[in-house]
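[1] coords below, sequence missing:
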């Protein structure tokens, strides 16, 4: 099935550092979403973006919906140990979500 | 409970057997989705219900996979003649219309 291209695949950072990850697609989406998944759990929505060019923040998280509607990025500032997990972007087509391949984040104290 | 629940949490079966996976959506959510997540991958869409009817089943990989939602609440994903390649985590999500999809913890299916 179709998956969006997400990079980097994994990141190992020190607590307090900022993190940036992005997602690209060959298709246009009208909605971009960012999810976090912990082991043994389902994905949890972090941020939703509905308009091209939109920049949205949720606490230490900031995400942008690319102007071309084919890409998005997620920034996490001042990382903390509980930020560890796998981050997925997702584009929405009608009512179904197309997910990215994921970015695995590891935070060291 | 407040969230989406899925049972069983783990299912081990032998190749060729039939399995049923259950999803209890958030109360009042009219939309229900099934996704499959293989190891190291993002979830992939299988099927979407609006009420009792399957509005989009384009993600079902073949006719061994079938899902029902007879009363517009609980849904069952059924897999016939399981194959080793069916091993994955099966995720269910629900939403109130076209709103945020809330995911359950998933059922990890292992086909030996």
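    Cool, the structure landed. What you see is a predicted model; the values in this text were computed from it and never measured. Numbers count the residues shown, from 1 in each chain, chains lettered A, B, ... in the order given.
[2] what's next to the helix or strand hosting residue A:6, contact-wise?
    In the assignment (DSSP states H and E), residue A:6 maps to strand A:5-7. The contact list for strand A:5-7, computed with C-beta atoms under 8 Å, 6 or more residues apart in numbering or on different chains, reads A:21-25, A:88-89, A:100-103, B:42. From N, CA and C alone the C-beta is placed, and that goes for glycine too.
[3] possible to save those as JSON lines with pLDDT and distance to residue B:28?
    Written out in JSON lines, the entries for these read as follows (pLDDT from 0 to 100; distance: C-beta to C-beta, whole Å):
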{"residue": "A:21", "pLDDT": "97", "distance to residue B:28": "34"}
{"residue": "A:22", "pLDDT": "96", "distance to residue B:28": "36"}
{"residue": "A:23", "pLDDT": "96", "distance to residue B:28": "31"}
{"residue": "A:24", "pLDDT": "96", "distance to residue B:28": "36"}
{"residue": "A:25", "pLDDT": "94", "distance to residue B:28": "32"}
{"residue": "A:88", "pLDDT": "97", "distance to residue B:28": "26"}
{"residue": "A:89", "pLDDT": "97", "distance to residue B:28": "28"}
{"residue": "A:100", "pLDDT": "95", "distance to residue B:28": "30"}
{"residue": "A:101", "pLDDT": "93", "distance to residue B:28": "33"}
{"residue": "A:102", "pLDDT": "96", "distance to residue B:28": "31"}
{"residue": "A:103", "pLDDT": "97", "distance to residue B:28": "33"}
{"residue": "B:42", "pLDDT": "95", "distance to residue B:28": "28"}
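[4] Can you flag the buried ones in those?
    For the contacts of strand A:5-7, burial is judged from neighbour counts taken by 16 or more other C-beta atoms under 10 Å in any protein chain shown, and it is met by A:21-25, A:88-89, A:100-103, B:42.
[5] Thanks a lot, catch you later.
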